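**Q** build me a model:
(one chain, ligands or ions: 1)
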Amino acid sequence: MGMIPTLEWTDAGVRFLDQTKLPLEEVYVTATTYEEVATVIRDMIVRGAPAIGVSAAMGMALGVDRSTATSVDALSPEVETMAGVLAGTRPTAVNLFWGIARIHDLYKKLVQETAGKPEAERLRIIKDAVVTEAEQVYTEDIATCRTMGRIGEHLLPRHGTVLTHCNAGALCAAGYGTALGVIRAAVEAGADIHVLADETRPYLQGARLTAWELLQDNIPTTVLCDNMSGALMRQGRIQAVIVGADRIAANGDVANKIGTYTVAVLAKEHGIPFFVAAPWSTIDMETATGDGIPIEQRNAREVTHSNGKQMTPDGCGIENPAFDVTPAKYVTAIITERGLLRAPFGESIAAMSSGQPQLMEQTA
Ligand code: MRU
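**A** Numbers count the residues shown, from 1 in each chain. Next comes the predicted model:
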């Protein structure tokens, strides 16, 4: 389940499934330069925090591999430029910076380790190693999603309805997915789950992407307008909520797609568990609370227009924050590949960060 080719390294460049065209067209685009990878991320041809991280790592590797620099001294400033261009694409998903750093840190290490060798040999060693590292980031991402699935699946009902917001599936990662990976794992373990997908205005990741990819796996899915879940919760028609995350602060506050906070507050009011599934690379130990997470503001046209048609009168004000922050007090558990995190999140995250097993909940 869930092995949709969101992105992959090919001899021609980095190939992306164009998510702006789904669900009506399955079209692929190949980025042949790191600048094109940056455009693909900025224009949301690829999106979702883990996929953005893998794309950034591949963009860096592509830039290094395709560089015509004839010495490490000439390549090094180019690598700084690549990192800056890719870092300037989307500010909220911390995985972007993590993916850049994976290649950047390796590059710096290799520059030191190869010092003294002939320049052509140094460049060959560096290029081969960064490409291998980017492919490793890709492979690890799929394995991480599968592990989160195994760790989290027992939290979901064996028979019931699960609400999700945005797309935290195979399309937001190298494959399988984070929140939808946990749903997939539960279904693979025999659970009978009906997914409710918030449409997720304004970009419609839920209606376009979540519904598309779950139906590929024959997981029953119903799309809701974003203002419907409260009424369904009140009617007892939702047993759990599971979402992904773009950045999780050290205290457990969760930045995710705009509208997540509303769902979390409603879930708490109705006594419904609210789960977050995210790889450890989404946890930002440098950011103390959600107040420190930068929130991307996107183009007003995403709100004013739908399918190219203007929906709002000229001259009205428009808000378009792409993400919101859900305070940790609304989160029942955070599922990572390292284990489950429970409140108090500041303590459980710090313990997991330092590798202390005693505060980690073991998998069922
Ligand atoms: O703007 P997007 O589509 O990149 O936003 C994606 C989300 O908010 C996802 O829910 C988030 O990245 C989690 S995916 C693991």
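
**Q** burial measure for the residue lying closest to Pro327 once chain neighbours are set aside, as a count.
**A** Leaving aside its chain neighbours, Pro327 sits nearest to Asp253 (5.5 Å; criterion: CB to CB, 6 or more residues apart in numbering). Just so you know, the C-beta spots here come from the backbone N, C-alpha and C atoms, and that holds for glycine as well. For Asp253, the count of nearby residues is 25 (other CB atoms under 10 Å).

**Q** now stretch 171-189, how far from the chain's geometric center?
**A** Centre-to-centre, stretch 171-189 and its host chain are 12 Å apart (CA atoms, centre = their mean, to the nearest Å).

**Q** so the residue nearest to Pro327 versus Ile293, what's the distance?
**A** From Asp253 over to Ile293 the distance is 7 Å, taken as CB to CB, to the nearest Å.

**Q** what is in contact with these two at once?
**A** Counting by CB atoms under 8 Å, 6 or more residues apart in numbering, the shared contacts of Asp253 and Ile293 are Val325.

**Q** what parts of the stretch 51-200 of the chain come near the ligand?
**A** Within the stretch 51-200 of the chain, the residues that sit near the ligand (CB under 6 Å from any ligand atom) are 93, 166, 168, 172, 178.

**Q** try it again at 5 Å.
**A** Counting by CB under 5 Å from any ligand atom, the stretch 51-200 of the chain comes close to the ligand at 166, 168, 172, 178.

**Q** is it true that the third one touches Val46?
**A** If I follow you right, that is Cys172. No: contact status for Cys172 versus Val46: not in contact, 9.1 Å apart, counting by CB atoms under 8 Å.

**Q** skipping its backbone neighbours, what lies nearest Ser4 in space?
**A** Small correction: residue 4 is Ile, not Ser. Ala170 (4.2 Å).

**Q** kindly apply the preceding question to Val162 instead.
**A** Leaving aside its chain neighbours, Val162 sits nearest to Ala240 (4.9 Å; criterion: CB to CB, 6+ apart).

**Q** quick one: contacts of the helix or strand bottoming out on mean pLDDT in the chain?
**A** Using mean pLDDT, DSSP states H and E, the weakest-scoring helix or strand in the chain turns out to be strand 305-306, at a mean of 93. Outside strand 305-306, the residues that touch it by CB under 8 Å, 6+ apart are 202, 311.

**Q** name every strand pairing with it and say which way it goes.
**A** If you go by DSSP bridges, strand 305-306 pairs up with strand 309-310 (antiparallel).

**Q** can you name the next helix or strand after the partner strand?
**A** With elements assigned by DSSP states H and E, the helix or strand that comes after strand 309-310 is strand 323-326.

**Q** that next one close to the ligand?
**A** No: Strand 323-326 is not in contact with the ligand by CB under 5 Å from any ligand atom; minimum separation 6.3 Å.

**Q** give me the contacts around that strand.
**A** Outside strand 323-326, the residues touching it (CB under 8 Å, 6+ apart) are 92, 246, 253-262, 264, 274, 290-291, 293, 295-296.

**Q** quick one: distance of the least confident helix or strand of the chain to the chain centre.
**A** 25 Å.

**Q** the more surrounded of Cys172 and Val46?
**A** With neighbours defined as other CB under 10 Å, Cys172 and Val46 compare such that Cys172 has more, 31 against 26.

**Q** which non-adjacent residue is nearest the more buried one?
**A** Here the residue nearest Cys172, using CB to CB, 6+ apart, is Gly48, at 2.3 Å.

**Q** can you pull the contacts of that neighbour?
**A** Gly48 neighbours (CB under 8 Å, 6+ apart): 93, 167-168, 171-173, 244.

**Q** which among these gets closest to the ligand?
**A** Gly244 (2.6 Å; CB to the nearest ligand atom).

**Q** what's the neighbour count on that closest one?
**A** 32.

**Q** same question for Thr68.
**A** Using other CB under 10 Å, Thr68 has 7 neighbouring residues.

**Q** which element is it on?
**A** Applying DSSP H and E as the criterion places Thr68 outside every helix and strand.

**Q** then the one 10 residues further on?
**A** Here Glu78, judged by DSSP H and E, is contained in helix 72-87.

**Q** avg pLDDT for that helix?
**A** Helix 72-87 carries an average pLDDT of 98.

**Q** hey, C-alpha coordinates of that helix in CSV?
**A** Provided in CSV are the C-alpha atoms of helix 72-87 (Å, rounded to 0.1, in the frame of the first residue of the first chain):
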residue,chain,number,x,y,z
VAL,A,72,36.5,22.2,-4.3
ASP,A,73,37.4,25.8,-3.7
ALA,A,74,35.2,26.8,-6.6
LEU,A,75,32.4,24.4,-5.6
SER,A,76,32.2,25.4,-2.0
PRO,A,77,30.6,28.9,-2.6
GLU,A,78,28.2,27.2,-5.1
VAL,A,79,27.1,24.8,-2.3
GLU,A,80,26.4,27.8,0.0
THR,A,81,24.3,29.4,-2.8
MET,A,82,22.4,26.1,-3.3
ALA,A,83,21.6,25.8,0.4
GLY,A,84,20.4,29.5,0.5
VAL,A,85,18.2,29.1,-2.6
LEU,A,86,16.5,25.9,-1.3
ALA,A,87,16.2,27.3,2.2
